[in-house]
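Engineer: based on what follows, work out the 3D shape:
(one chain, ligands or ions: 2)
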Amino acid sequence: MQQAIVDVKGLNKSFGSHLVLKDIDLTVAPSQVVVIIGPSGSGKSTLLRCLNGLETAEGGTAVVCGHLVVEAGRMMPEPLLDALRAEVGMVFQSFNLFPHLNVLDNITLAPTCLRGVPRKTAQEQGLRLLRKVGLEHKARDYPGTLSGGQKQRVAIARALAMEPKVMLFDEPTSALDPELVGEVLQVMKDLAAEGMTMLIVTHEMGFAREVADVVVVMDHGSIVESGPPSGIFTSPREARTRSFLQTML
Ligand code: ADP
Ligand code: MG
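Structural biologist: Ligands and ions are numbered 1, 2, ... in the order given. Below is the predicted model of the structure:
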C-alpha cells in the first residue's frame with residue numbers, strides 16, 4: 001500500500017483540563033476522500049487544526065505528507081511547520097480572502113511570495129485555477145463584490161495554487177446561503193474526481209454519501225465509528241451515530 005497522506009495514531013489534545021481529542025486514529029490514503037461528521041463541539045475542527053500545526057497536541061503521533069507533525073506528543077518545531085503548511089491546503093467556513101487584493105492577486109500571493117514563482121507564471125496558473133472553479137471572469141474583481149459561494153470558490157483556488165498534496169476543508173459551506181452551497185460542493189466533487197486527497201468536515205450528508213470513500217463519526221472528542229458511507233448511513237453500528245444522523249434529517 002502507498003504511504004498514507006495523513007496518518008494519526010493515538011492523538012490527544014486538551015484545552016486546559018478539557019480533553020477534546022481522545023486517542024484519535026485516522027488514516028487518509030492518497031486520493032482518498034474522508035468526510036468527518038459529528039455534533040458541534042465534538043472536536044472536528046480541532047483535529048483538522050492539529051494536522052497542520054495550528055493547534056498543539058499533547059499525545060500521540062501525526063504524520064502528514066511525510067512530516068512528523070506530532071511525535072509521541074511533541075509538536076514539530078515552528079520553523080518546520082511552514083514546509084508542512086505549504087503542502088496542506090486548508091479551506092475554512094469563513095473565506096478569509098484578502099479584501100484589498102483582487103481575486104487573481106489573492107491566488108498568486110502565496111506562490112509568488114512563499115515559493116518564488118515568477119509573477120507571470122503564477123498569474124497563468126491562477127487563471128487556470130479560476131477557470132476550474134468557474135470564475136475566470138472575476139479575476140480582476142475584489143472579494144467584496146462576490147457572493148459567498150464565489151468567495152469560497154476563490155478560497156479553494158487559492159489553496160490549490162500551492163499545489164497541495166492534501167486539502168483540508170472545515171465546514172466550507174456552513175456560512176453560505178442554501179442556494180450557493182451546491183456550486184461549492186460541485187468544485188469539491190470535481191477535485192475528488194481528479195484524485196485530490198481530501199479530509200472534509202461537513203454537515204452536508206448528501207455530499208458525504210456521494211463523494212466520501214470513508215465517513216468518520218466523531219462525538220465528544222472520540223471517533224465513534226468509521227467506514228464507507230453505505231454502511232454509516234444505512235446501517236450505523238453505534239447508537240451515537242444513529243442519534244446524530246437523526247438530528248441531520
Ligand atoms: P467542532 O469543530 O466539532 O464543533 P471543536 O474542535 O471546535 O469542535 O471544539 C471541540 C471542543 O474544544 C469544544 O468543547 C470547544 O468548546 C473546545 N475548544 C475549541 N477551541 C478551543 C480553544 N481555543 N480554547 C478552549 N476550548 C476550545
Ligand atoms: Mg468546527
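
Engineer: which helix or strand contains the spatially most central residue of the chain?
Structural biologist: The structure's the chain has its C-alpha centroid closest to residue 168; by Cα atoms, centre = their mean the separation is 1.6 Å. Take DSSP states H and E as the rule and residue 168 turns out to sit in strand 166-170.

Engineer: ok, residue 129 next?
Structural biologist: helix 119-132.

Engineer: please name the residues that touch residue 98.
Structural biologist: With contact set as Cβ atoms under 8 Å, 6 or more residues apart in numbering, residue 98 has these partners: 105, 106, 109, 143. From N, CA and C alone the C-beta is placed, and that goes for glycine too.

Engineer: over to it: give its phi and psi.
Structural biologist: The phi/psi pair for residue 98 (degrees, to the nearest 10) reads phi -80, psi 120.

Engineer: residue 109 versus that one, what's the distance?
Structural biologist: Residue 98 is 7 Å from residue 109, where distance means Cβ to Cβ, to the nearest Å.

Engineer: now do residue 213
Structural biologist: Distance from residue 213 to residue 109, by Cβ to Cβ: 32 Å.

Engineer: and the strands in the chain?
Structural biologist: For the chain, applying DSSP state E gives strands covering 6-15, 18-28, 33-37, 59-64, 67-71, 74-75, 88-91, 166-170, 198-201, 214-219, 222-227.

Engineer: for the longest helix along the chain, list every residue counted as buried.
Structural biologist: Longest helix in the chain, counting residues (DSSP state H): helix 178-193. Residues of helix 178-193 classed as buried: 180, 181, 183, 184, 185, 187, 188, 191, 192 (neighbour count, 16 or more other Cβ atoms under 10 Å).
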